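Colleague: missing the sequence, but the structure's below:
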């Protein structure tokens with residue numbers, strides 16, 4: 001395998017940086033570092049080769065053979081039985097929802113791939129998508145399945161020398177489809193959307209400084225707006241990677257910065273992201289609306305961050321959300337002037353491109369000032385309906401990276417790859433990481449963004465070579481340097497920008513700087529429909545044998561067997577999917593009742609009425625979100641997440657997909673890997 005010239009320079013810089021910094025690998029020899037370089041270089045090269053396979057598959061998207069052979073040609077990650085499924089060897093993987101690996105584990109199939117969708121996209125009969133483009137995506141990606149399967153098999157020997165399994169590979173399409181090898185069954189059906197995962201966003205937007213500016217004035221209490229803003233900001237923060245810097249600027253009468261030292265952006269490590277999310281959840285609505293103070297504080301933070309060299313050094317995205325008009329501070333003209341001056345300052349002094357995305361929430365929100373700001377900075381303005389009226393703010397705000405993705409397919413951005421900070425895999429609780437790359441149709445101008453490929457691996461290999469923990473600071477330093485080694489250049493024309501604005505909000509969202517004046521004049525930014533194909537396959541699945549069954553009924557098996565077993569329902573004391581078994585629940589309930597009666601009787605006879613009242617008050621105070629039983633955790637319980645909603649692409653979009661539904665629900669587990 002030939003190592004691309006870019007990799008050689010990139011890893012030379014990585015080795016040099018680690019050697020001369022205090023955080024460098026002091027205990028690892030040059031020979032060990034060379035082994036690490038070999039592993040990571042191989043991962044990047046494999047990722048780009050996989051990208052090439054998907055791009056080649058896309059070139060066959062509209063062929064008659066591709067579409068005719070697609071019917072009943074794929075396997076659903078929730079409802080299908082696999083042709084060569086087998087219970088996992090515990091030396092490779094142990095799925096705790098099915099057992100501890102001694103007698104029970106989960107089914108998988110290394111000879112095929114599985115396909116998944118968010119539930120809102122699979123509304124057809126038999127859990128099939130109804131959107132033509134989604135059907136086409138399932139069909140053309142089948143061409144890459146043989147490559148994915150063969151690569152997994154070929155890599156076994158390489159990874160065995162480090163005591164770990166081969167890399168898993170997957171493709172997340174821009175429309176929400178997800179294809180993965182090896183084939184596994186989803187623990188929770190219909191909740192995974194690849195487009196909101198850090199590996200996807202990192203590859204589609206590159207390193208960036210992100211500031212989320214949130215209106216917290218009193219009117220945000222209406223129509224559930226504050227809840228929606230918190231939900232959207234939380235989702236966006238969790239999508240970022242260690243390559244990014246982030247700050248939150250809540251504003252009303254005044255503005256402040258959440259996270260870090262209160263003056264700068266901070267690196268989006270897993271730890272820092274959680275701190276910021278906790279702070280976001282504490283926001284409440286109160287006060288008036290001061291745009292000027294919000295932007296002044298935002299640009300102060302950006303300037304300070306850059307001067308202190310705490311920045312990514314790449315593109316800047318400001319996401320500004322408001323639900324009202326300016327009621328305090330300087331007016332619209334002063335605000336627009338401030339933004340123009342400060343973006344010019346960042347460009348002139350530091351060579352930094354700043355894009356402002358503005359979101360006006362509700363019918364009474366300012367649209368003039370916010371739109372002018374977006375147009376002046378090469379950004380996008382969007383008016384959003386209130387939550388109570390169906391506004392999907394999570395989808396709209398989290399799609400800001402689409403602008404960056406459009407520019408990543410050209411020029412100096414060839415062979416761009418992204419890494420994410422090591423994270424806990426959903427399977428075994430062991431740390432792993434993902435390298436990803438954007439995928440394009442490069443036959444059109446600008447290249448059409450199709451999605452992102454990802455390859456992941458357990459950190460066991462690097463730990464084995466270096467003798468250090470995957471969570472160590474020096475290990476994190478490696479991925480910081482890898483993740484920020486390349487800043488993508490974003491150079492879009494006004495017509496390309498207006499095309500993206502038009503797709504999201506119609507003619508009213510455009511800035512009028514493109515001479516087209518109609519949808520037909522905009523360059524296409526979603527695929528055109530395959531011409532001459534009038535009857536796409538409507539049943540994509542080989543079978544739906546497992547439809548309607550619980551996870552343990554679909555996936556849990558006895559070691560060495562190839563079918564589910566009712567003897568395997570999770571760890572001792574737990575039932576399907578790791579929940580407490582019925583017997584355990586009854587036993588605990590009876591125990592609590594007996595204990596409670598005993599305590600009450602004791603209190604009654606020894607303390608009297610006064611003591612009983614105190615006991616009652618104390619019990620109420622100590623009860624957690626699940627009542628007084630909050631000390632009994634519920635393993636594998638899904639967190640509360642917003643319900644996925646579908647948003648129509650505007651009519652007359654100039655594509656073959658007018659009115660199709662796209663959806664971007666919050667992230668969840670894609671089966672076994674929390675990637």
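Modeller: Nice, thanks for sending it over. Only a predicted model underlies this, so the values are computations on that prediction, with no experimental measurement involved.

Colleague: Surely residue 116 and residue 178 touch.
Modeller: Yes. Judged on CB atoms under 8 Å, residue 116 makes contact with residue 178 at a distance of 4.4 Å. (Glycine included, C-beta is placed from N, CA and C.)

Colleague: Quick check: the gap between the residue nearest the centre of the chain and residue 38.
Modeller: Central residue check for the chain by CA atoms, centre = their mean: the C-alpha nearest the mean position is that of residue 197, 1.6 Å away. Counting by CB to CB, to the nearest Å, the gap from residue 197 to residue 38 is 27 Å.

Colleague: quick one: low-confidence parts of the stretch 151-300 of the chain?
Modeller: In the predicted model of the stretch 151-300 of the chain, no residue satisfies pLDDT under 70.

Colleague: can you pull out the strands in it?
Modeller: For the stretch 151-300 of the chain, the strands defined by DSSP state E, counting those that start in this stretch cover 168-173, 178-181, 183-184, 208-215, 245-251, 266-267.

Colleague: quick one: which of those is nearest residue 394?
Modeller: Of all those, strand 208-215 sits nearest to residue 394, with 12.7 Å by CB to CB.

Colleague: so that closest one versus strand 245-251, what angle?
Modeller: 10 degrees (axes from the mean of the first three to the mean of the last three CA atoms, to 10 degrees).

Colleague: Can you list the strands that strand 208-215 pairs with?
Modeller: Neighbouring strands of strand 208-215 in its sheet, by DSSP bridges, are strand 245-251 (parallel), strand 315-322 (parallel).

Colleague: Throw those strands into TSV and include distance to residue 528, thanks.
Modeller: What follows is the strands paired with strand 208-215, written out as TSV (distance: least, CB to CB, whole Å):
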stretch	distance to residue 528
strand 245-251	36
strand 315-322	29
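
Colleague: right, and these - which one's nearest residue 463?
Modeller: Smallest distance to residue 463 across the strands paired with strand 208-215 (CB to CB): 27.8 Å, for strand 245-251.

Colleague: got the buried residues for that closest one?
Modeller: Within strand 245-251, the residues that count as buried by 16 or more other CB atoms under 10 Å are 245-251.

Colleague: and of these, the nearest to residue 210?
Modeller: Residue 210 lies nearest to residue 246 out of the buried residues of strand 245-251, by CB to CB, at 4.9 Å.

Colleague: Make sure residue 242 is actually in contact with residue 268.
Modeller: Yes. The criterion here is CB under 8 Å, and residue 242 meets it with residue 268 at 6.3 Å.

Colleague: Which of the strands paired with strand 208-215 sits closest to residue 284?
Modeller: strand 245-251 (9.4 Å).

Colleague: how about the helices in the stretch 201-350 of the chain?
Modeller: 225-239, 270-280, 291-307, 332-350 (DSSP state H, counting those that start in this stretch).

Colleague: how about a markdown table for those, with distance to residue 34 added?
Modeller: Formatted as a markdown table, the helices of the stretch 201-350 of the chain follow (distance: least, CB to CB, whole Å):
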| stretch | distance to residue 34 |
| --- | --- |
| helix 225-239 | 34 |
| helix 270-280 | 29 |
| helix 291-307 | 35 |
| helix 332-350 | 36 |
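
Colleague: quick one: which of those is nearest residue 548?
Modeller: Across the helices of the stretch 201-350 of the chain, closest to residue 548 is helix 225-239 (CB to CB), at 30.0 Å.

Colleague: ok so, going back, among the helices of the stretch 201-350 of the chain, which is nearest residue 264?
Modeller: helix 291-307 (4.3 Å).

Colleague: Buried residues, the closest one. List them.
Modeller: With burial defined by 16+ other CB under 10 Å, the residues of helix 291-307 counted as buried are 291-306.

Colleague: contacting residues around that helix?
Modeller: For helix 291-307, the surrounding residues in contact (CB atoms under 8 Å, 6 or more residues apart in numbering) are 209, 211, 213, 215, 245, 247, 249, 251, 253-257, 263-265, 311, 316, 318, 320, 322, 326, 329-330, 332, 334-335, 338-339, 342, 345-346, 350, 352, 354, 366, 369.

Colleague: Pull out the buried members of these.
Modeller: The neighbour count (16+ other CB under 10 Å) marks 209, 211, 213, 215, 245, 247, 249, 251, 255, 257, 264-265, 311, 316, 318, 320, 322, 326, 329, 332, 335, 338-339, 342, 346, 350, 352, 354, 366, 369 as buried among the contacts of helix 291-307.

Colleague: The stretch 301-450 of the chain: strands as residue ranges?
Modeller: Going by DSSP E, counting those that start in this stretch, the stretch 301-450 of the chain shows strands at 315-322, 354-361, 381-384, 418-419, 423-424, 431-441, 448-458.

Colleague: quick one: strands adjacent to the fourth one?
Modeller: Using DSSP bridges, the strands paired with strand 418-419 are strand 431-441 (antiparallel).

Colleague: average model confidence for the partner strand?
Modeller: Averaged over strand 431-441, pLDDT sits at 91.

Colleague: is it true that residue 113 touches residue 180?
Modeller: Yes. Using CB under 8 Å, residue 113 is in contact with residue 180, at 5.9 Å.

Colleague: circling back: these two touch, right, the residue nearest to the centre of the chain and residue 240?
Modeller: No. Counting by CB under 8 Å, residue 240 is not a contact partner of residue 197; they are 11.1 Å apart.

Colleague: circling back: for residue 393, state which of the buried residues of helix 291-307 is nearest.
Modeller: residue 294 (17.8 Å).

Colleague: Against residue 505, how distant is residue 365?
Modeller: For residue 365 relative to residue 505 (CB to CB), the value is 14 Å.

Colleague: next one: residue 209
Modeller: Counting by CB to CB, the gap from residue 209 to residue 505 is 25 Å.

Colleague: Then residue 492?
Modeller: Per CB to CB, residue 492 is found 17 Å from residue 505.

Colleague: Doesn't residue 137 belong to a helix?
Modeller: Yes. Assessed with DSSP: H, G, I helix; E, B strand; the rest coil, residue 137 lies in a helix.

Colleague: Tell me the confidence at it?
Modeller: 95.

Colleague: Please apply the same query to residue 502.
Modeller: Reported pLDDT for residue 502: 82.

Colleague: Dump the strands of the stretch 301-450 of the chain into JSON lines; add distance to residue 499 as well.
Modeller: What follows is the strands of the stretch 301-450 of the chain, written out as JSON lines (distance: least, CB to CB, whole Å):
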{"stretch": "strand 315-322", "distance to residue 499": "19"}
{"stretch": "strand 354-361", "distance to residue 499": "16"}
{"stretch": "strand 381-384", "distance to residue 499": "14"}
{"stretch": "strand 418-419", "distance to residue 499": "25"}
{"stretch": "strand 423-424", "distance to residue 499": "35"}
{"stretch": "strand 431-441", "distance to residue 499": "15"}
{"stretch": "strand 448-458", "distance to residue 499": "11"}
